[in-house]
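S.K.: predicted model follows, preceded by the sequence.
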Amino acid sequence: MERRKLTIIIAGMPGSGKTTLARFIAKKYGLKYCAGSDFFKQAASRLGYSIKGAHWWDSREGLHFLKERQKDSRFDREVDRLLLEKARKGGVVMTSWTLPYLKAPGIKIWIAASQKTRAERISGRDKTSYKQALAAIRKRDKENRKLYKRLYGFTLGKDLRPFDIILETDRLSIKQTQAGISRRIKRFIESK
């Protein structure tokens, strides 16, 4: 499989480590990095939202925009169309919750982590309390599942059939996660 045509799609619930892993893989394989959430932030900005801060999705405005997306699917459908185009061109590592379910080409990876682990990671990353991080995760998980069930009929984080690789990261360090996923991608590419 040629690297310039390789597409890798990484999904996982908020705080699972998908962005960190996607950036690592992009660098390792010389691929472009593309975050689906960046396209949503651009749409939110056009609507007048202030999208400041690396962890905007956990903010009051980010959660409000998620509610707005519940009412109007045009943002999601447009972002998914743009991401599918990029996936088909190849040479990219992407984070996306929907592309694996929309039959996008490429290696599809699910990064699994418990709500407890994700809350600990977000708490440390965002310098917030564990209790606040856990509450935000529970809210986002619920709202995102509801959104994608309504739009596309799948249950985010529960239906993992579209994924080629599933990696449980609760007990893994970042380096262990990177090494584990590198081995699995190598095996996957060699089997094709």
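M.R.: In hand now; what should we look at? Numbering: from 1, shown residues only.
S.K.: please count neighbours and contacts with C-alpha atoms only from this point.
M.R.: Noted.
S.K.: list the helices and strands the biggest helix by length in the chain packs on?
M.R.: Criterion DSSP state H: the longest helix present in the chain is helix 130-152. With contacts defined as 3 or more Cα pairs under 8 Å, 6 or more residues apart in numbering; DSSP states H and E, helix 130-152 has these neighbours: helix 60-71, helix 115-126.
S.K.: let's see 7 Å
M.R.: helix 115-126 (3 or more Cα pairs under 7 Å, 6 or more residues apart in numbering; DSSP states H and E).
S.K.: looking at the helix it packs on now, give me its mean pLDDT.
M.R.: Regarding helix 115-126, the rounded mean pLDDT is 92.
S.K.: repeat that for stretch 78-94.
M.R.: Here the average pLDDT along stretch 78-94 is 91.
S.K.: same check, this time on stretch 52-65
M.R.: Stretch 52-65 comes out at a mean pLDDT of 71.
S.K.: start to end distance for that stretch?
M.R.: One end of stretch 52-65 to the other measures 14 Å (Cα to Cα, to the nearest Å).
S.K.: can you offset everything so residue one is 10?
M.R.: Got it, first residue is 10 now, which makes that one stretch 61-74.
S.K.: about what we covered before: the longest helix of the chain vs helix 124-135, what angle?
M.R.: Comparing the axes of helix 139-161 and helix 124-135 via axes from the mean of the first three to the mean of the last three Cα atoms, to 10 degrees yields an angle of 110 degrees.
S.K.: contacts for helix 139-161?
M.R.: For helix 139-161, contacts defined as Cα atoms under 7 Å, 6 or more residues apart in numbering pick out 23, 67, 79, 124, 128, 129, 131, 132, 163, 164, 165.
S.K.: cutoff 10 Å now
M.R.: In this structure, residues lying in contact with helix 139-161 by Cα atoms under 10 Å, 6 or more residues apart in numbering are 22-24, 66-69, 71-72, 75-76, 78-80, 82, 85-86, 106-107, 110-111, 124-133, 135-136, 138, 162-167.
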